[in-house]
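>>> no sequence on hand, only this structure:
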């Protein structure tokens, strides 16, 4: 807390000089103590520790943000532009699965349902 205010000036003879001396003494004490009492020193230490903790947290979050940027997680436009290529690749893979299925049915005289069960491809279909 701030130092107490100086006492009000006294009215009457000689009161003004005594009040100014008291004010001067209070100002001198305040200047000597740096204007801070023991409670203010503790509060300052707490504030400094809090600021340091928040700065460390900010640095950690900045590092995580940079890592995300490097990984390309935040650039969704690039991911969306990859979708047509990925759909084509998935459909080629599906096409290859159907070709292998067809060869097994023809070459080994296997039932289509048996091949589907063996390769676990029930419900496999192209991506639209």
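Sure, I can see it. Given the structure is predicted, the values throughout are model-derived calculations rather than measurements.

>>> where do the helices of the protein begin and end?
15-33, 38-71, 76-108, 112-119 (DSSP state H).

>>> as CSV, the ones you listed with distance to residue 126 and mean neighbour count would be great.
Yep, even glycine has a C-beta here, placed from its N, CA and C like the rest. Below are the helices of the chain laid out as CSV (distance: least, Cβ to Cβ, whole Å; neighbours: other Cβ atoms under 10 Å):
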stretch, distance to residue 126, mean neighbour count
helix 15-33, 82, 12
helix 38-71, 31, 10
helix 76-108, 5, 11
helix 112-119, 16, 12
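
>>> figure out which of those is closest to residue 125.
Nearest of the helices of the chain to residue 125, taken as Cβ to Cβ: helix 76-108 at 7.2 Å.

>>> same for that closest one, what does it pack against?
Contacts defined by 3 or more Cβ pairs under 8 Å, 6 or more residues apart in numbering; DSSP states H and E place helix 76-108 against helix 112-119.

>>> the helix it packs on to helix 76-108, inter-axis angle?
130 degrees (axes from the mean of the first three to the mean of the last three Cα atoms, to 10 degrees).

>>> what does the average pLDDT come to for helix 112-119?
Averaging pLDDT along helix 112-119 yields 89.

>>> quick one: residues in contact with it.
Residues outside helix 112-119 that contact it (Cβ atoms under 8 Å, 6 or more residues apart in numbering): 97, 100, 101, 104, 105, 110, 122.

>>> one more time with 10 Å, if that's ok
With contacts defined as Cβ atoms under 10 Å, 6 or more residues apart in numbering, helix 112-119 is touched by 97, 100-105, 108, 110-111, 121-124.

>>> re the thing from before, how about the helices of the chain in TSV, adding distance to residue 128?
Shown next, in TSV, are the helices of the chain (distance: least, Cβ to Cβ, whole Å):
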stretch	distance to residue 128
helix 15-33	79
helix 38-71	30
helix 76-108	8
helix 112-119	21
